[in-house]
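> let me see the structure of the following:
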Amino acid sequence: MEGHFRLGPWLVKPSLNIAVRNGTTSRLTPKAMEVLVCLAEHAGEPVSKEKLIEEVWPQTFVGDDALKGLVAEIRRVLEDDAKQPRIIETIAKRGYRLIAPIEWIDGKAGASAERVQPETVRGSLPKHKFQMAGWAVLAGALLLLLLGALNVARVRSWLRPKDSAQIRSIAVLPLRNLSADPNQEYLCDGLTDGLITDLAQIGSLKVISHTSTMQYKDTKKLLPDIARELNVDGIIEGTVQRSGDRVRITAQLIHGPSDRHIWANTYEKDMGEVFALERDVTEDVTRHVQSRLNTPQGLSTQPKPVDVKALEPYLQGQYHLERYGEGGGDEERRQAAAWFQQAIDHDPSMASAYVGLARAHWDLLWPSREDAEIVGRVTQKAVELDPSSADALVSSGNVKLGRDWDLHGAEEDFRRAIAASPNNALAHGALSGLLFNLGRKDEALREAQIAQELDPTSNNLRDAMYKLGDVDRAIALAEANLQANPGDGYIHHGLFRYYATKGMYKEAAQHAEKVFALFGEPEGAARVHKASVTSGPRAGIRQFAIEGENLVTTKRGYFPVNLALAYIILGDRDRAFYWLEEAYRHHDIQWVCTDIPLTDLKSDPILVRLRSDSRYNDLVRRVGLLQ
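Reported below is the predicted structural model:
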């Protein structure tokens, strides 16, 4: 690409794919930058669509829509308006023209250079220089002919552009909303999740989980940095634009480490065919990476059209479900449940809506028996409607494990889910936890490592290290996660357990305090802090347990096994067994709450401290863990 240039108030750096104004950096995708550079090279002149397409996608068939999408991206980043342009003017039915003032910079700050025309160069060369150049060209041609006669294939391999980009792993970044309505974010998130779900079926391609890629929504990070953080070769990014019942996706595949463009296309369908739209994108991506995969693999059957009246509430349900971890609590899940139920009312055959409804009634702070009943019933319906759905099978495995204590039945479901979707991080993580409960630690660690690779922001590996007794490693992993997500209360809770296991009560109490603060209990956090300061860290941990009991009493949270764990740390076995028996007595709801499952009795290092007590062995027997 050319050197840097000033474009109105912007300093454009093509080599970095960025534009800077007043110290603020905005990023352009590589292809959008190529379009901008091409227009800059012909500033003030009309540039036809055909020329731009040939410059940006040489020897590749690409429709006008892909070019329109890139121009729209440039305008969005540079804050230009197509109706009242200050930077790029649209020439109807012909192409585009750069109208903003431009100043080229040749690498030295403040130094500008005129763009040199080919005629100027030709006119400035002496005649004998042209004669020498002509002989050089002729000699080069003869040499190529000679080499070609000796080994045509080898010469072709020398002359062919090298593409050594290997795509063995991929991440789908959150699709950007180009619709006029900002409330269409739920559609963008839903389509992103759908693409990831489809790509996850390709067993020979590692696909990063949606929960790990969502952190890059509206990010200004460079693609090579994102590729390094997620440990992937390929990155898919794109946009979504909705107009009425029509949806358009523009997507491109990029080799992340080099920020090199591989492929781009635009797709458009009615909302009712949105799942088919996702599949079109997935199949194109698959075709473009198959030559880079060791074992190409196709996708499952084509998705059927869906009623728009069911699709809209389904996507809204997914949107609210994702926001549960952002401080929404049970209320966010209740909203998600209402949306999923509305989708089912419109289309009772929509298996994915049943899976969503099950998740909305799971992992609650204060669940009811009705929540537990709904999870079991709708999970069964989801599996009946789509026996090959990995998400439905994971939900089924969770029901068998949590409600029925059927460990072997749960293992079968988790393995079926992985067979259907090898990149399903939830399935690998759930299987890892189950294998720890069965005492198969080597297998459990392998599954935890796979789950962590697929979902780098998850707690799979650090919890695996904790259960293996490598608490220092668990702490190191959790502290690293905390730097990236300081407001994640679950990480603080993990660190509370890890530090307490090592007898580092001061650090444990500090994280216990953070847990209450981040889960919306600032007064409880203040009392934990006061107890730690006035009476020492163990007093802080005791206050942590007291505050937890208060939440149960006031029906704001139910986590009996967590309370038992706190009392084990304090050496109060009687109180610990009180809460373990509480969990057993109310097992009908405990399995759907935000708590440590009773099936972890033999795998959690703190719970295992009770094994010398006959009450512990009796409970282990009743839960069905004596196998």
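> what does stretch 5-24 rub up against?
Outside of stretch 5-24, the residues within contact range by C-beta atoms under 8 Å, 6 or more residues apart in numbering are 1-4, 25-30, 33, 36-37, 40, 77-78, 86-87, 98, 100-105, 222-223, 259. (C-beta placed from N, C-alpha, C; glycine too.)
> what subset of these is buried?
Neighbour counting by 16 or more other C-beta atoms under 10 Å classes 4, 27-30, 33, 36-37, 40, 77-78, 87, 98, 100, 102, 104-105, 222-223, 259 among these as buried.
> taking those one by one, which sit in strands?
Judged by DSSP state E, strands contain the following of those: 27, 98, 102, 104.
> nearest to residue 174 among those?
residue 27 (14.0 Å; C-beta to C-beta).
> which residue is the nearest non-sequential neighbour of that closest one?
Nearest non-adjacent residue to residue 27, counting by C-beta to C-beta, 6 or more residues apart in numbering: residue 18, 5.4 Å away.
> what's the separation between the one you found and residue 25?
Plainly put, residue 18 is 5 Å away from residue 25 if you go by C-beta to C-beta, to the nearest Å.
> and if you look at residue 532?
Taking C-beta to C-beta, one finds residue 532 at 42 Å from residue 25.
> from residue 251, how far out is the residue nearest to residue 27?
The spacing between residue 18 and residue 251, counted by C-beta to C-beta, is 21 Å.
> identify the residue nearest residue 39 in space, chain neighbours excluded?
What sits nearest to residue 39 in space, not counting adjacent residues and going by C-beta to C-beta, 6+ apart, is residue 98, at 4.1 Å.
> returning to that earlier point: including pLDDT, could the ones in strands among the buried ones among the contacts of stretch 5-24 go into JSON lines?
Below are these laid out as JSON lines (pLDDT from 0 to 100):
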{"residue": "27", "pLDDT": "82"}
{"residue": "98", "pLDDT": "91"}
{"residue": "102", "pLDDT": "88"}
{"residue": "104", "pLDDT": "85"}
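> in a markdown table: those, plus distance to residue 407.
As requested, those are exported to a markdown table (distance: C-beta to C-beta, whole Å):
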| residue | distance to residue 407 |
| --- | --- |
| 27 | 48 |
| 98 | 65 |
| 102 | 67 |
| 104 | 68 |
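> from these, which single one is nearest residue 275?
Here the nearest of those to residue 275, counting by C-beta to C-beta, is residue 27; it sits at 30.1 Å.
> from residue 173, how far off is the closest one?
Between residue 27 and residue 173 the distance is 11 Å, computed by C-beta to C-beta.
> got the residue ranges for the strands in this structure?
In the chain, the strands defined using DSSP E lie at 5-7, 10-13, 18-21, 24-27, 47-48, 88-91, 95-98, 102-104, 169-172, 176-177, 206-207, 234-243, 246-255, 260-270.
> those strands: which one's closest to residue 460?
strand 206-207 (14.8 Å).
> got the domain boundaries for this structure?
Using automatic domain parsing, the domains assigned to the chain come out as 5-116, 169-293.
> quickly compare the ones you listed and say which is most buried.
Of the domains of the chain, the one with the most neighbours on average (mean count of other C-beta atoms under 10 Å) is domain 169-293, at a mean of 20.
> that one - what's its average pLDDT?
For domain 169-293, mean pLDDT is 86.
> distance between that domain and the chain's centre?
Relative to its parent chain, domain 169-293 has a centroid offset of 10 Å by C-alpha atoms, centre = their mean, to the nearest Å.
> check stretch 543-557 too.
34 Å.
> alpha carbons of that stretch, as CSV, please.
Taking C-alpha atoms only, stretch 543-557 is exported to CSV below (Å, rounded to 0.1, in the frame of the first residue of the first chain):
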residue,chain,number,x,y,z
GLN,A,543,-19.2,-12.7,58.1
PHE,A,544,-19.3,-13.8,54.4
ALA,A,545,-21.1,-17.0,55.5
ILE,A,546,-23.5,-15.0,57.7
GLU,A,547,-24.3,-12.7,54.9
GLY,A,548,-24.9,-15.7,52.6
GLU,A,549,-27.3,-17.2,55.2
ASN,A,550,-29.1,-13.8,55.3
LEU,A,551,-29.7,-13.9,51.6
VAL,A,552,-31.2,-17.4,51.9
THR,A,553,-33.5,-16.2,54.8
THR,A,554,-34.7,-13.2,52.8
LYS,A,555,-35.1,-15.3,49.6
ARG,A,556,-32.6,-13.3,47.6
GLY,A,557,-30.3,-16.2,46.9
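> now do the same end-to-end measure for stretch 576-592.
End-to-end distance of stretch 576-592 (C-alpha to C-alpha, to the nearest Å): 21 Å.
> for it, buried residues please.
576, 577, 579, 580, 582, 583, 587, 589, 590, 591, 592.
> for stretch 543-555, same thing?
Result for stretch 543-555 [16+ other C-beta under 10 Å]: buried residues 543, 544, 545, 547, 548, 549, 551, 552.
> pLDDT of that stretch, averaged?
For stretch 543-555, mean pLDDT is 96.
> with residue 507 as the reference, measure out to residue 100.
Counting by C-beta to C-beta, the separation of residue 100 from residue 507 is 56 Å.
> quick one: contacts for residue 473?
Residues in contact with residue 473 (C-beta under 8 Å, 6+ apart) are 462, 465.
> among the buried ones among the contacts of stretch 5-24, which ones are in helices?
Taking DSSP state H, the ones among the buried ones among the contacts of stretch 5-24 that sit in helices are 30, 33, 36, 37, 40, 77, 223.
> looking at the residues you listed, which two lie furthest apart in space?
Across those (C-beta to C-beta), the longest gap, 21.7 Å, separates 40 and 223.
> surely residue 90 and residue 84 touch.
No - if you go by C-beta atoms under 8 Å, residue 90 and residue 84 don't touch, sitting 11.6 Å apart.
> which residue packs closest to residue 381, ignoring adjacent ones?
Among residues not flanking residue 381 along the chain, residue 354 sits closest, at 5.0 Å (C-beta to C-beta, 6+ apart).
> oh sorry, the question was meant for residue 548
Counting by C-beta to C-beta, 6+ apart, residue 548 lies nearest to residue 563, which is 5.1 Å off, once chain neighbours are set aside.
> try residue 507
Residue 507 sits nearest to residue 499 (C-beta to C-beta, 6+ apart), 4.1 Å away.
> any idea how far residue 177 is from the one you found?
Remark: distance between residue 499 and residue 177 (C-beta to C-beta) = 42 Å.
> endpoints of stretch 359-369, how far apart?
Its start and end residues considered, stretch 359-369 measures 15 Å (C-alpha to C-alpha).
> quick one: contacts of that stretch?
Here stretch 359-369 makes contact (C-beta under 8 Å, 6+ apart) with 317, 321, 324, 329-330, 333-334, 336-337, 340, 371-372, 374-375, 378, 395, 398, 555-558, 588-589, 592-594.
> and if you look at stretch 175-194?
Identification of contacts with stretch 175-194 by C-beta under 8 Å, 6+ apart yields 72, 76, 172-174, 195, 210, 213-214, 218, 237-243, 247, 249, 251, 274-275, 277-278, 314-316, 318-319, 322.
> at 7 Å what do you get?
With C-beta atoms under 7 Å, 6 or more residues apart in numbering as the test, stretch 175-194 has contacts from 72, 172, 174, 210, 238-242, 249, 275, 278, 315-316, 318-319, 322.
> flag every buried residue along stretch 478-492.
For stretch 478-492, the neighbour count (16+ other C-beta under 10 Å) marks 478, 481, 482, 488, 489, 490, 491, 492 as buried.
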